[in-house]
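Asker: Next come a sequence and a model predicted from it.
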Amino acid sequence: MKYRKFTRIKNYDYKTNGYYFVTICTDFKQSFLDNLKIKEIVVAEIALLKKRFSGLDIDHFVMMSNHIHIIFILEDSNKTLPEVIQAFKSIATIRAKRALPLQIGKHLWQKNYYEHIIRNDKALYNIRKYIQENPLKEKIDWDIIYSGINATATKNDTKTRQ
């Protein structure tokens with residue numbers, strides 16, 4: 001059986017209020033997100049997450065050709081972060097396959113994703129900066145950045161977590 005690395009923190013409650021930095025890559029890092037139709041579907045599904053899940057907000061996101069970075073905010077959420085990611089990936093994949101059946105194989109996304117629990121304001125600031133600068137560092141012409149209401153969080157806005 002093929003070994004799969006488990007990247008979640010053991011015994012951590014991923015419903016805990018806070019900010020979470022997530023990176024989701026396309027399957028085999030293919031440039032699916034360069035396709036305008038797929039890009040539109042992914043952006044729409046990210047926007048719909050706030051309506052779909054109570055207690056969820058999007059702070060920032062940026063999309064490159066083969067991955068997306070998102071800062072999620074959970075505040076008394078009715079779902080865990082893994083449930084939110086699974087729903088997003090599943091619905092975006094189904095919609096993209098319907099729209100472009102010949103351009104997407106079996107999967108749109110890699111099976112796993114990277115997540116980081118943002119524990120303080122300095123980390124939040126640095127991750128926002130990383131998200132904004134990442135496309136430039138990769139020399140990609142990016143055109144989608146989303147800043148939610150919480151994009152200008154101050155020290156009083158973010159609860160420090162240990």
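Answerer: All right, it came through fine. Numbers count the residues shown, from 1 in each chain.

Asker: Just after the helix or strand encompassing A44, pick out the following helix or strand.
Answerer: Under the criterion DSSP states H and E, the helix or strand holding A44 is helix 36-52. Heading C-terminal from helix 36-52, the first helix or strand you meet, by DSSP H and E, is strand 56-63.

Asker: mind listing what that following strand pairs with, with the direction of each?
Answerer: Pairing partners of strand 56-63, with direction, according to DSSP bridges: strand 67-74 (antiparallel), strand 145-147 (antiparallel).

Asker: Do you have the helices of this protein handy? List them.
Answerer: Using DSSP state H, the helices found in the chain span residues 36-52, 81-99, 121-137.

Asker: what's the least confident stretch among those helices?
Answerer: Mean pLDDT is lowest for helix 121-137 among the helices of the chain, at a mean of 90.

Asker: Tell me which residues of that one come out buried.
Answerer: Within helix 121-137, the residues that qualify as buried are 121, 123-124, 127-128, 131, 134-135, counting by 16 or more other C-beta atoms under 10 Å. Where you see a C-beta, it was placed from the backbone N, CA and C, and this is true even at glycine.
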